[in-house]
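> 3D model of this:
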Amino acid sequence: MKPINTALCSYGMSGKLFHAPFISANPKFNLYGVLERTNNHAQKQYPGIKTFRSLEHLLADENIELVIVNTPNITHYDFSKKVIQAGKHLIVEKPFTATVKEAKELIQLAKEHNVVISVYHNRRYDSDFKTVQKILKEDLLGEIIEAEFHYDRYDPKLSYKIHKETPTAAVGSLYDLGSHIIDQALVLFGMPVAVFADLDSYRPNSQVGDYFDLKLFYPSHRVILKSSYYVREPLPGYILHGKKGSFIKSKADVQEADLQAGKSPDSKNWGKEPVTEQGLLHIEKDGKTIKESIPTLTGNYMEYFDTIFDAIRHNTRLSVKAEDAMMVIAIIEAALKSNEEHKVIEL
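Presented below is the predicted three-dimensional model:
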């Protein structure tokens with residue numbers, strides 16, 4: 001089967017770590033080119049690829065089938081619209097768009113142009129989240145009462161990337177980090193009936209949100225999603241309590257760290273967490289109390305790209321649909337409204 005000629009719209013951290021290594025290591029794809037307005041960093045790493053100086057130049061190349069929009073959040077809508085109108089298949093980095101209105105327009109436009117559109121919610125393929133998903137599928141905890149997910153950091157300094165610290169649409173930790181754990185919550189539990197949010201900024205001179213505490217209301221349980229840049233001692237990434245017991249798991253997927261260390265996604269033992277990071281299951285079964293460590297499943301972002309190939313070449317169902325990502329934006333919009341009005345927002 002012919003590999004899919006793929007182009008990246010930028011070669012910053014996202015391009016270097018989360019896209020180019022997977023595209024280049026997967027025989028189903030061909031890393032055809034990268035948009036770099038002034039440099040040739042990608043070409044030095046991947047000799048033979050083309051360097052484009054403008055989006056228009058990139059979209060004019062008829063050999064390109066798939067474009068990955070991994071530019072600053074505020075540009076996602078505009079870039080994606082141009083990609084779709086050029087008849088190219090599309091992957092958009094999270095967050096999908098700034099608003100639900102923009103997301104709906106892109107989804108409709110993709111249908112009209114008969115192109116595949118997906119959003120890069122790669123954290124569905126983290127080892128820790130896959131393990132949590134398995135625990136729930138096996139109903140080991142019984143009916144869930146409360147789940148709490150954290151995406152914390154200790155990073156008081158402002159980013160050197162100006163676009164990340166400029167108060168414009170789709171900027172701040174709720175969009176950047178929140179998109180990940182909101183998507184994970186929706187995968188596990190579906191859409192909530194209401195949202196309450198407490199949003200703030202704590203870093204010196206910060207003009208964008210760097211703290212969020214969301215509560216998602218479901219008919220039978222609650223889901224709490226939290227993030228702060230002032231968490232020096234890591235908390236569990238996942239805390240789930242059900243009527244049969246609890247499961248606690250650290251946020252310990254190794255893929256990002258391995259990519260930063262220069263490891264290739266096709267290397268041996270890719271995506272395997274240290275045994276020391278196994279989750280703790282504490283339940284009652286057959287009248288006996290069980291407290292044991294649970295082996296962590298293997299994480300692999302390559303699985304996402306495999307599903308993209310199948311959707312484009314074989315017209316199969318996408319693992320991450322644009323409609324899924326639009327629901328994430330709907331939660332974010334509700335959270336912003338909740339924080340502004342200091343009340344629960346019904347969905």
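
> would you mark the buried spots in stretch 114-133?
Neighbour counts over stretch 114-133 (16 or more other Cβ atoms under 10 Å) mark 115-133 as buried. To be clear about C-beta, it is placed using only N, CA and C from the backbone, and glycine gets the same treatment.

> and for stretch 49-58?
I49, K50, T51, F52, L55, L58.

> for the second one, give me its contacts.
Contacts of K50 were listed using Cβ atoms under 8 Å, 6 or more residues apart in numbering, and they are A7, Y32, G33, V34, D61.

> quick one: contacts for the last one?
Contacts here follow Cβ under 8 Å, 6+ apart; on that basis D61 touches A7, Y32, G33, K50, F52.

> what helix or strand does it sit in?
D61 belongs to no helix or strand when elements are defined using DSSP states H and E.

> what separation do you get for it and A86?
For D61, the distance to A86 equals 10 Å [Cβ to Cβ, to the nearest Å].

> okay, the buried residues of stretch 49-58 in JSON lines with distance to A325 next?
As requested, these are arranged in JSON lines below (distance: Cβ to Cβ, whole Å):
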{"residue": "I49", "distance to A325": "28"}
{"residue": "K50", "distance to A325": "29"}
{"residue": "T51", "distance to A325": "29"}
{"residue": "F52", "distance to A325": "26"}
{"residue": "L55", "distance to A325": "21"}
{"residue": "L58", "distance to A325": "23"}
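
> which ones among those lie within strands?
K50, T51, F52 (DSSP state E).

> hmm, the second one is touching G33, no?
It stands for T51. Yes: T51 is in contact with G33 according to Cβ atoms under 8 Å; the separation is 6.7 Å.

> pop the domain breakdown of this structure in here.
4-120, 123-299+331-346 (automatic domain parsing).

> go through those domains and pick out the most buried.
Burial of those is given as mean neighbour count (mean count of other Cβ atoms under 10 Å); domain 4-120 ranks first at a mean of 20.

> next one: it to chain centre, how far?
What separates the centre of domain 4-120 from the centre of its chain is 16 Å, taken as Cα atoms, centre = their mean, to the nearest Å.

> show the end-to-end separation of it, please.
17 Å (Cα to Cα, to the nearest Å).

> mind listing the helices for this protein?
13, 20-25, 41-45, 55-59, 76-85, 100-112, 127-137, 162-165, 173-176, 178-189, 255-260, 302-314, 322-341 (DSSP state H).

> same for the longest one, what does it pack against?
Read that as helix 322-341. helix 100-112, strand 117-120, helix 173-176, helix 178-189, strand 194-200, strand 211-217, strand 345-346 (3 or more Cβ pairs under 8 Å, 6 or more residues apart in numbering; DSSP states H and E).

> quick one: average pLDDT of the shortest one?
Right, strand 345-346. Strand 345-346 shows a mean pLDDT of 98.

> the first one now?
Throughout helix 100-112, pLDDT has a mean value of 98.

> can I get stretch 67-84 in CSV, CA atoms only?
What follows is stretch 67-84 as a C-alpha-only set of coordinates in CSV (Å, rounded to 0.1, in the frame of the first residue of the first chain):
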residue,chain,number,x,y,z
VAL,A,67,-1.2,17.9,6.5
ILE,A,68,-0.6,18.2,10.3
VAL,A,69,-1.5,21.6,11.7
ASN,A,70,0.7,21.9,14.7
THR,A,71,1.0,25.6,14.9
PRO,A,72,0.1,27.9,17.8
ASN,A,73,-3.4,27.4,19.1
ILE,A,74,-4.8,30.6,17.8
THR,A,75,-4.0,29.6,14.2
HIS,A,76,-5.6,26.2,14.2
TYR,A,77,-8.9,27.3,12.7
ASP,A,78,-7.4,29.4,10.0
PHE,A,79,-4.7,26.9,9.0
SER,A,80,-7.1,24.0,9.1
LYS,A,81,-9.7,25.7,7.0
LYS,A,82,-7.1,26.4,4.3
VAL,A,83,-5.9,22.8,4.4
ILE,A,84,-9.4,21.4,4.0
